[in-house]
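Visitor: using only what follows, build the 3D model:
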Amino acid sequence: MPMLERPDGALFYEVTGSGPPLVLVSGLGGRGDYWANIVPVLARAFTVVLHDHVATGRSTSRRTTHSVEALAADLDALLGHLGIARCSLVGHSTGAAVGQVMAQDYAARLDRLVLYAGWAGPDAHFAHCFKVRRRLLTEIDDPAATEADDIAARIDMIVGFDRRARMGEITAPTLVVCAADDLITPPHLSEELAAGIPGARLATLPWGGHACSQTAPEEFLASVLPFLRGR
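Guide: Just a heads-up that it's a prediction; the model follows:
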């Protein structure tokens, strides 16, 4: 099982396909297998890199402080480990936050960027949704204590993420994708991203919710693939 040692954990990763490098970064659940339904299509044209965030899936963690910046540093280290100088990146939700940090702090790494069901910073609706989710986790659900602590810390991480002031620094060609019926990161958050990133395009799918790459994969790929191919 391929693992990359980090100072505070170990990162599980997988590489499949052939072609230009394409990194897929998952949302709050953190597992690379979130993308399993569309990897076979993407792997026909790209070398697809997947990983489980530290503290999720098959990765391990000794991390005590969780931040989107730490997730981006993990990804930068993984690209270095794999000898990938530049790649395109598709990030879902939390992965879209990672994508923003990569585009701002590791700009030389990125060719093209897809921000899917993302946000530049929280609003009242977003913060309330994740406050409820955190309360359900800590007061009602019964996961193992360490797992609950990690998930709660990751929820705090995304609610605290706000890079609105740095959207204008993103220079990679960017596609912002959302679904009209996403109730977790509603379309106005994607509209804000697309308006704030120079030259960004916005693709709003008619339906698909927060996970439209899973619920409407054909429509999702019809928006994303031409962009990744430079069209």
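Visitor: can you tell me how far the nearest residue to Arg134 once chain neighbours are set aside is from Lys131?
Guide: Of all residues not flanking Arg134 in the chain, Ile155 sits nearest, at 4.7 Å (CB to CB, 6 or more residues apart in numbering). C-beta coordinates here come from the backbone N, C-alpha and C atoms, glycine included. Between Ile155 and Lys131 the computed distance is 8 Å (CB to CB, to the nearest Å).
Visitor: these two - which one has more neighbours?
Guide: Per other CB atoms under 10 Å, whichever of Ile155 and Lys131 has more neighbours is Ile155, with 21 against 12.
Visitor: what does the average pLDDT come to for the strand or helix carrying the more buried one?
Guide: Assigned by DSSP states H and E, Ile155 belongs to helix 145-159. For helix 145-159, mean pLDDT is 85.
Visitor: which helices and strands sit right next to it?
Guide: Packing partners of helix 145-159 (3 or more CB pairs under 8 Å, 6 or more residues apart in numbering; DSSP states H and E): helix 94-105, helix 124-135.
Visitor: I figured the residue nearest to Arg134 hits Arg133, correct?
Guide: Yes - with contact defined as CB atoms under 8 Å, Ile155 reaches Arg133; the gap is 6.2 Å.
Visitor: what about the strands in the protein?
Guide: For the chain, the strands defined by DSSP state E occupy 3-6, 9-17, 21-25, 47-51, 60-61, 87-92, 110-116, 174-179, 201-205.
Visitor: what is the neighbour count of the residue lying closest to Pro187 once chain neighbours are set aside?
Guide: If the residues on either side of it in the chain are set aside, Pro187 comes closest to Cys178, at 5.0 Å by CB to CB, 6+ apart. Using other CB under 10 Å, Cys178 has 28 other residues around it.
Visitor: equivalent analysis for the one 4 residues further on, please.
Guide: Around Asp182 sit 22 other residues, with neighbours defined as other CB under 10 Å.
Visitor: show the contacting residues for it.
Guide: The contact partners of Asp182, by CB atoms under 8 Å, 6 or more residues apart in numbering, come to Ala117, Gly208, Gly209, His210, Cys212.
Visitor: hey, what's Leu110 bridged with?
Guide: Cys87 (DSSP bridges).
Visitor: can you pull the contacts of it?
Guide: For Leu110, the contact set (CB under 8 Å, 6+ apart) comprises Arg86, Cys87, Ser88, Leu89, Met102, Ala103, Ala172.
Visitor: buried among those residues? Need that as a selection in PyMOL.
Guide: This is the PyMOL syntax for the buried subset of these, where burial follows 16 or more other CB atoms under 10 Å:
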select buried, resi 87+88+89+102+103+172
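Visitor: kindly reformat the contacts of Leu110 as JSON lines containing distance to Gly9 and pLDDT.
Guide: Shown next, in JSON lines, are the contacts of Leu110 (distance: CB to CB, whole Å; pLDDT from 0 to 100):
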{"residue": "Arg86", "distance to Gly9": "25", "pLDDT": "98"}
{"residue": "Cys87", "distance to Gly9": "22", "pLDDT": "98"}
{"residue": "Ser88", "distance to Gly9": "26", "pLDDT": "98"}
{"residue": "Leu89", "distance to Gly9": "21", "pLDDT": "98"}
{"residue": "Met102", "distance to Gly9": "19", "pLDDT": "98"}
{"residue": "Ala103", "distance to Gly9": "24", "pLDDT": "98"}
{"residue": "Ala172", "distance to Gly9": "28", "pLDDT": "98"}
